[in-house]
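Engineer: what's the 3D shape of this:
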Amino acid sequence: MPILNRAAEMQDEIAGWRRHLHREPELLFAVEKTAAFVAEKLREFGVDEIVTGLGRTGVVGIIRGKGAGNTIGLRADMDALPIEEATGKPWASTVRGKMHACGHDGHTAMLLGAAKYLAETRNFTGSVAVIFQPAEEGGGGGNEMVKDGMMERFGIAEVYGMHNLPGMPVGAFGTRPGPIMAATDEFTIMVKGRGGHAALPHKTVDPIVIGAQVVTALQTIVSRVADPIDSLVVSVTKFNAGFAHNVIPETAQLAGTVRTLSPDMREGAEARIRQICAGLAAAHGAEIVVTYHRNYPVTVNHAQETGHAVAVAREIAGDASVEPAIAPMMGGEDFSYMLLSRPGAFIFVGNGDTAGLHHPAYDFNDDAIPHGVTYWVKLAESRLAA
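Structural biologist: Sure, this is the predicted structure:
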């Protein structure tokens with residue numbers, strides 16, 4: 001089955017919504033304009049129930065079918081990124097230092113398109129919950145909506161998410177059962193030494209030298225501690241120390257991220273970071289304080305629901321354009337919290353040959369719209385078939 005004719009007919013209209021959202025990006029939970037736009041559209045479509053303010057600024061619309069039955073959730077994210085846009089497009093961001101560099105404008109628009117179609121046709125039994133979530137980009141908005149009782153309030157039995165993927169052809173899909181995106185932990189390491197004159201290093205405990213050894217030693221976690229078959233990233237992304245050419249400072253601060261695909265690897269990486277820092281502190285007579293923050297958990301697709309997602313994608317795109325065992329990605333995704341709460345699956349839809357996610361030259365490819373809308377509609381109709 002190719003894309004829906006109605007989805008193709010609505011492409012320009014949906015692209016218009018997308019470009020409107022692109023011009024006015026909002027960050028994290030401060031998505032009031034975007035949420036208001038979404039709620040207004042849902043009212044225009046005749047959605048049966050619209051609830052705002054879930055997870056602080058999230059929106060959920062309930063579309064009821066032709067009879068009683070289960071409820072499935074379809075989720076899109078709404079927030080942008082603190083990046084200065086460099087696309088030069090007519091619909092480029094009008095807000096300095098903010099842009100939709102991850103395609104959440106496209107995700108929101110596609111789900112709105114699906115909501116319009118489903119509200120018009122209602123060719124299903126049960127209910128569809130269209131979920132518009134704030135603060136995916138570091139705020140954990142998905143977790144906030146779950147903690148706000150969204151699943152219980154609307155009786156959601158299954159939940160599905162979708163994200164565009166640059167480099168994957170438009171019209172193609174990719175997913176996998178099990179871990180599909182990584183846990184995203186963050187660490188800060190404060191090295192406390194003893195400062196002094198740079199000409200008298202023997203009278204100091206140099207935190208820069210110790211910090212450099214910390215950076216080098218952390219690389220051995222991946223290269224010499226972790227099983228090479230397992231996926232692990234340990235990246236130091238900040239190193240701040242010193243203020244003058246002739247002064248050895250008192251402190252140095254390092255920070256970075258750890259990405260893992262399993263709970264055991266997550267536990268092991270944190271433990272090893274702490275062991276390395278404790279050992280170097282003892283060796284040099286310094287104090288090293290490690291602050292470790294557990295951020296988004298691993299995004300784990302449920303096997304049965306992933307099978308449903310693959311089957312729908314194959315009906316739309318054909319076997320050759322669906323990758324049912326795509327390699328996991330080490331980026332993070334707070335849809336992970338929804339998958340911890342309910343069974344479901346996360347899928348990628350092709351964005352074509354575009355700049356990468358989180359790049360100032362990125363733009364969502366509007367040619368992907370009919371494919372994403374069709375996927376949402378057919379997934380809802382197949383999961384809620386009479």
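Engineer: Asn351: neighbour count?
Structural biologist: Using other CB atoms under 10 Å, Asn351 has 26 neighbouring residues. All C-beta atoms are positioned from the backbone trio N, CA, C, and that covers glycine.
Engineer: Skipping adjacent residues, who's closest to it in space?
Structural biologist: Leaving aside its sequence neighbours, Asn351 sits nearest to Asn164 (CB to CB, 6 or more residues apart in numbering; 4.1 Å).
Engineer: My guess is that neighbour contacts Asn365. True?
Structural biologist: Yes. In this structure, Asn164 is within contact of Asn365 by CB atoms under 8 Å, at 7.3 Å.
Engineer: of those two, who's got more company?
Structural biologist: More crowded of Asn164 and Asn365, by other CB under 10 Å: Asn164, with 24 against 18.
Engineer: quick one, strands of the stretch 51-200 of the chain?
Structural biologist: Here the stretch 51-200 of the chain has its strands, by DSSP state E, counting those that start in this stretch, at 58-64, 71-77, 127-133, 156-165, 173-174, 178-181, 183-192, 196-197.
Engineer: Now do the same for the residue lying closest to Pro263 once chain neighbours are set aside: its pLDDT.
Structural biologist: Spatial nearest neighbour of Pro263, chain neighbours left out: Val298 (7.5 Å); criterion: CB to CB, 6+ apart. On the pLDDT scale, Val298 is placed at 97.
Engineer: and Val298, what is it in contact with?
Structural biologist: Val298 is in contact with 179, 181-183, 260-263, 266, 336, counting by CB atoms under 8 Å, 6 or more residues apart in numbering.
Engineer: just Leu200 next, same as before
Structural biologist: So Leu200 contacts nothing (CB under 8 Å, 6+ apart).
Engineer: where does it fall, phi/psi-wise?
Structural biologist: phi -130, psi 60 (degrees, to the nearest 10).
Engineer: hmm, back to that, overlap of the contact sets of Asn164 and Asn365?
Structural biologist: 106, 351.
Engineer: didn't Gln187 look like it was pressed against Arg259?
Structural biologist: One correction, residue 187 is Phe, not Gln. No. In this structure, Phe187 is not within contact of Arg259 by CB under 8 Å, at 11.8 Å.
Engineer: Enumerate the beta-bridge partners assigned to Gly196.
Structural biologist: Going by DSSP bridges, Gly196 is paired in beta bridges with Ile248.
Engineer: Per-residue pLDDT of it, please?
Structural biologist: So Gly196 comes in at 98 (pLDDT).
Engineer: Now do it against Thr251, distance only.
Structural biologist: Gly196 is 13 Å from Thr251, where distance means CB to CB, to the nearest Å.
Engineer: ditto for Ile14
Structural biologist: For Ile14, the distance to Thr251 equals 52 Å [CB to CB].
Engineer: hey, where'd the helices end up in the stretch 1-150 of the chain?
Structural biologist: Remark: helices assigned in the stretch 1-150 of the chain by DSSP state H, counting those that start in this stretch are 5-9, 11-23, 32-45, 104-121, 141-147, 150-154.
Engineer: So which elements touch the third one?
Structural biologist: Counting by 3 or more CB pairs under 8 Å, 6 or more residues apart in numbering; DSSP states H and E, the packing neighbours recorded for helix 32-45 are helix 11-23, strand 49-54, strand 58-64, helix 104-121, strand 127-133.
Engineer: Highest mean neighbour count out of these?
Structural biologist: Highest mean neighbour count among the helices and strands packed on helix 32-45 (mean count of other CB atoms under 10 Å): strand 127-133, with a mean of 28.
Engineer: how far out from the middle of the chain is that strand?
Structural biologist: Taking CA atoms, centre = their mean, to the nearest Å, one finds strand 127-133 lying 17 Å from the centre of the chain it belongs to.
Engineer: what does it contact?
Structural biologist: Residues contacting strand 127-133 (CB under 8 Å, 6+ apart): 35, 38, 42, 47, 55, 58-65, 69-78, 108, 111-112, 114-115, 118, 141-142, 145, 150, 154-156, 159, 334, 380, 384.
Engineer: do stretch 376-386 as well
Structural biologist: With CB under 8 Å, 6+ apart as the test, stretch 376-386 has contacts from 1, 4, 7, 65-67, 69-70, 72, 74, 110-111, 113-114, 117-118, 123-128, 158, 160, 162, 308-309, 311-312, 315-316.
Engineer: avg pLDDT for that stretch?
Structural biologist: Taken as a whole, stretch 376-386 has an average pLDDT of 95.
Engineer: Turn the helices and strands packed on helix 32-45 into JSON lines, including distance to Phe173 and mean pLDDT.
Structural biologist: Shown next, in JSON lines, are those (distance: least, CB to CB, whole Å; pLDDT from 0 to 100):
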{"stretch": "helix 11-23", "distance to Phe173": "18", "mean pLDDT": "98"}
{"stretch": "strand 49-54", "distance to Phe173": "28", "mean pLDDT": "98"}
{"stretch": "strand 58-64", "distance to Phe173": "23", "mean pLDDT": "98"}
{"stretch": "helix 104-121", "distance to Phe173": "13", "mean pLDDT": "98"}
{"stretch": "strand 127-133", "distance to Phe173": "20", "mean pLDDT": "98"}
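Engineer: what secondary structure does His359 sit in?
Structural biologist: When classified by DSSP: H, G, I helix; E, B strand; the rest coil, His359 comes out as coil.
Engineer: In contact with the closest residue to it other than its chain neighbours: list those residues for me.
Structural biologist: Setting aside the residues directly before and after it, His359 is nearest to Ala101 in space (CB to CB, 6+ apart), at 6.3 Å. Applying CB under 8 Å, 6+ apart, we find Ala101 in contact with 80-81, 83, 85, 357-360, 362.
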